[in-house]
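Q: Next comes the sequence, and after it the predicted model I'd like to discuss.
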Amino acid sequence: QVQLVESGGGLVQAGGSLRLSCAASGRTFSNYVMGWFRQAPGKEREFVATISWSGGRTYYTDSVKGRFTISRVNAKNTVYLQMNSLKPEDTAVYYCAANQAGWGRPPTSYEADYWGQGTQVTVSS
């Protein structure tokens, strides 16, 4: 079992920044590729960004490229999502996910082995 706990969400004005954190506990963190997904009201959960076991490879959905950065510190069992130049359409619940087998292209929520409880991000216009 892997437990994931997100933090860092909140209310921010358009153009602002937030940094989400996801702390993992349980099994060896470095054995898992990690990802951030989000779900807006009435919409399906969609992938935002993923990162490889070592952190050397990252992958982003087109709408966040150049604005969001995913990173991980395996020594701290933590993955981050730095979100800059936020837009109202980024408003959603953001979820951290762990996957032992590796993400597809594009990643889908069905591939996740474990989920966090989610953290709300609201961007006002």
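A: Received the coordinates, thanks.

Q: State the number of residues packed around the nearest residue to A40 once chain neighbours are set aside.
A: Nearest residue to A40, sequence neighbours excluded (Cβ to Cβ, 6 or more residues apart in numbering): A92, at 4.3 Å. For every residue, glycine as well, the C-beta is placed using N, CA and C. Neighbour count of A92, defined by other Cβ atoms under 10 Å: 22.

Q: likewise T119?
A: Counted with other Cβ under 10 Å, the neighbours of T119 add up to 22.

Q: hang on, the earlier thing: show me what the residue nearest to A40 is bridged to.
A: With DSSP bridges applied, A92 shows beta-bridge pairing to V121.

Q: Surely it and Q39 touch.
A: Yes - under the criterion of Cβ atoms under 8 Å, A92 makes contact with Q39 at 5.6 Å.

Q: Just the pLDDT for S30.
A: Looking at S30, its pLDDT is 85.

Q: G26 now?
A: What the model reports as pLDDT for G26 is 84.

Q: The closest residue in space to it that isn't next to it in sequence - how many residues pack around it?
A: Leaving out its chain neighbours, the residue that sits closest to G26 by Cβ to Cβ, 6+ apart is V2, at 4.3 Å. By other Cβ under 10 Å, the residues close to V2 number 19.

Q: what does the one 4 residues further on give?
A: Applying the criterion other Cβ under 10 Å, we find 22 residues in the vicinity of E6.
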